[in-house]
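Visitor: How does the following fold in three dimensions:
(one chain, ligands or ions: 3)
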Amino acid sequence: MKICYLPGDGIGPEIMAQALRVLDVFKKEGLNIELEEALLGGAAVDATGVPYPEATQKAARAADAVLLAAVGGPKWDVLPRPQRPERGLLGIRKDLNLFANLRPAVLYPELANASSLKPEIVAGLDIMIVRELTGDIYFGEPRGISEEGGKRVGRNTMIYNEDEIRRIAHVAFKAAQKRSKKLCSVDKMNVLETTQLWRDVVIEVSKEYPDVELSHMLVDNCAMQLVRAPKQFDVVVTGNMFGDILSDEASMLTGSIGMLPSASLDENNKGMYEPCHGSAPDIAGKNLANPLAMILSVAMMMRYTFANEAAATRIETAVKKVLAAGLRTGDIYEEGTQRVSCSEMGDAVVAAL
Ligand SMILES: NC(=O)C1=CN([C@@H]2O[C@H](COP(=O)(O)OP(=O)(O)OC[C@H]3O[C@@H](n4cnc5c(N)ncnc54)[C@H](O)[C@@H]3O)[C@@H](O)[C@H]2O)C=CC1
Ligand SMILES: CC(C)CC(=O)C(=O)O
Ligand SMILES: [Mg+2]
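Guide: Ligands and ions are numbered 1, 2, ... in the order given. This next block holds a predicted model:
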């Protein structure tokens, strides 16, 4: 298992350290794990002047899988756009063709009271958000801020071609086939042409999956339904920006954004694995971050890239055990549980493994 890992910025190095300890358990047991560290984001800008340096490109391309913690922070927000950490993240996603982003929002029963919703509304919650990751308004050209008619104009381009929509639709239909056979496609076809095409192509692809029940929902309604009755959803497929926003929203149904892992896959299940959250500058350097989304991303890596279901399940079971034992980082803390630091949570997961 050739793994390139990218600690990144903010809480990134703190949570990555816990993920590496989890990998070390498997390494000591004899799994052939080869690790290479590389720079991405602000850390890369500071060291090399660019957010996705050539050395990282080489390491990431050569690896079977990439583990990423998070990038970004206010320190770099003043830089010209091409030098910003987030451009490094978009760059590596595009470079590795990681068009399929799987974001599972699963409520661990122990966290029912930590959820933003009432326990009876979220009990048993298990949603898979399939987010297109290399297109849409985050990548579309032209983009930029320019001077037009004596005024500053900010511009981005929302664009999808049918091939991009078709391939993510196939990923979503296949995911639905393995789950409850229900797929909800989320768009804004009432006002956006890109998403009219999205809906048309998803309907075309649906003909190849007669066993999957396809429904459609406008994104504003979906944002509302997620907090009204989230269990109506099983697999949700949507574009890059809507998926970004809806997955952060869904994370709070599971207790915290610190609980949501993700897999970003290419056509061959080469993947980058990262928590859904960012670099959390407000708690960085304090050993307060929840490392479970990062650790659960390692489980997804075992499952999707290495087809090692046993290792994936073992990591998820270890996480369940520490939650059942009452350990909580600050973001999921409630009275009657034991508040622990990021590294103590890592200790507990390693012990449970
Ligand atoms: N994949 C990535 O690398 C991402 C990077 N970012 C970048 O991260 C920076 C901060 O962005 P924000 O909007 O503040 O989003 P954020 O996700 O970093 O933080 C939002 C809130 O959630 C909390 N939080 C996040 N992860 C947590 C964890 N593991 N444990 C406990 N609490 C956690 C933070 O403390 C903060 O209050 C920005 O520069 C942004 O561009 C944002 C999202 C994704
Ligand atoms: C640079 C952003 C698109 C990162 C982000 O918020 C995400 O992928 O969830
Ligand atoms: Mg996001």
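Visitor: give me the residue from the stretch 151-300 of the chain nearest ligand 2.
Guide: Asp244 (4.6 Å; CB to the nearest ligand atom). From N, CA and C alone the C-beta is placed, and that goes for glycine too.
Visitor: hang on, isn't that residue packed against Leu133?
Guide: No: counting by CB atoms under 8 Å, Asp244 sits too far from Leu133 to count as a contact (9.1 Å).
Visitor: okay, these two: which has more neighbours?
Guide: Neighbours per residue, other CB atoms under 10 Å: of Asp244 and Leu133, the larger number sits with Leu133, 26 against 18.
Visitor: Going along the chain, name the helices of the stretch 151-300 of the chain.
Guide: 162-178, 193-206, 219-228, 240-251, 292-304 (DSSP state H, counting those that start in this stretch).
Visitor: In the first one, which residues are buried?
Guide: Along helix 162-178, the positions that meet the burial threshold by neighbour count (16 or more other CB atoms under 10 Å) are 164-165, 168-169, 171-173, 175-176.
Visitor: how close does the closest residue to Gly140 other than its chain neighbours sit to Ser185?
Guide: The shortest distance from Gly140 to any non-neighbouring residue, by CB to CB, 6 or more residues apart in numbering, is to Thr157 (3.3 Å). Thr157 is 22 Å from Ser185, where distance means CB to CB, to the nearest Å.
Visitor: So which of those two has more stuff around it?
Guide: Ser185 (28 against 12).
Visitor: number of nearby residues for the closest residue to ligand 1 within the stretch 1-150 of the chain?
Guide: Using CB to the nearest ligand atom, the single residue of the stretch 1-150 of the chain nearest to ligand 1 is Gly72, 2.5 Å away. A count of nearby residues for Gly72, using other CB under 10 Å, gives 23.
Visitor: Let me know whether it touches Leu40 as I believe.
Guide: No: Gly72 is beyond contact range of Leu40, at 10.4 Å (criterion: CB under 8 Å).
Visitor: any common contacting residues for those two?
Guide: Contact with both Gly72 and Leu40 is made by residues 8, 85, 89, according to CB atoms under 8 Å, 6 or more residues apart in numbering.
Visitor: Out of these, the closest to ligand 2 would be?
Guide: For those, the nearest to ligand 2 is Leu89 (4.8 Å; CB to the nearest ligand atom).
Visitor: For burial, what's the neighbour tally of the residue nearest to Gly72 when sequence neighbours are not counted?
Guide: Leaving aside its sequence neighbours, Gly72 sits nearest to Pro85 (CB to CB, 6+ apart; 4.4 Å). The number of residues packed around Pro85, counting by other CB under 10 Å, is 28.
Visitor: Now do the nearest residue in space to Thr305 that is not next to it in sequence, the pLDDT please.
Guide: Excluding its sequence neighbours, the residue lying closest to Thr305 (CB to CB, 6+ apart) is Ala65, at 4.3 Å. The model reports Ala65 with a pLDDT of 98.
Visitor: One more: Asn269?
Guide: Looking at Asn269, its pLDDT stands at 89.
Visitor: Can you name the residues of the chain that neighbour ligand 2?
Guide: 86, 89, 138, 244, 276 (CB under 6 Å from any ligand atom).
Visitor: roughly how far apart are Glu249 and Ala223?
Guide: 6 Å.
Visitor: looking at it, Val186 is touching Leu246, isn't it?
Guide: Yes: counting by CB under 8 Å, Val186 does reach Leu246; the two are 6.9 Å apart.
Visitor: More neighbours: the two, which one.
Guide: Val186 (28 against 23).
Visitor: ok, how many other residues are close to the closest residue to Gly49 other than its chain neighbours?
Guide: Closest residue to Gly49 in three dimensions, ignoring its sequence neighbours and counting by CB to CB, 6+ apart: Gln83, at 7.2 Å. By other CB under 10 Å, the residues close to Gln83 number 16.
Visitor: got the contact list for the single nearest residue of the stretch 251-353 of the chain relative to ligand 1?
Guide: Relative to ligand 1, the nearest point of the stretch 251-353 of the chain is Gly278 (2.4 Å; CB to the nearest ligand atom). For Gly278, the contacting residues are 10, 70-72, by CB under 8 Å, 6+ apart.
Visitor: closest to Asp331 among the shared contacts of Gly72 and Leu40?
Guide: Comparing the shared contacts of Gly72 and Leu40 against Asp331 with CB to CB places Gly8 closest, at 18.8 Å.
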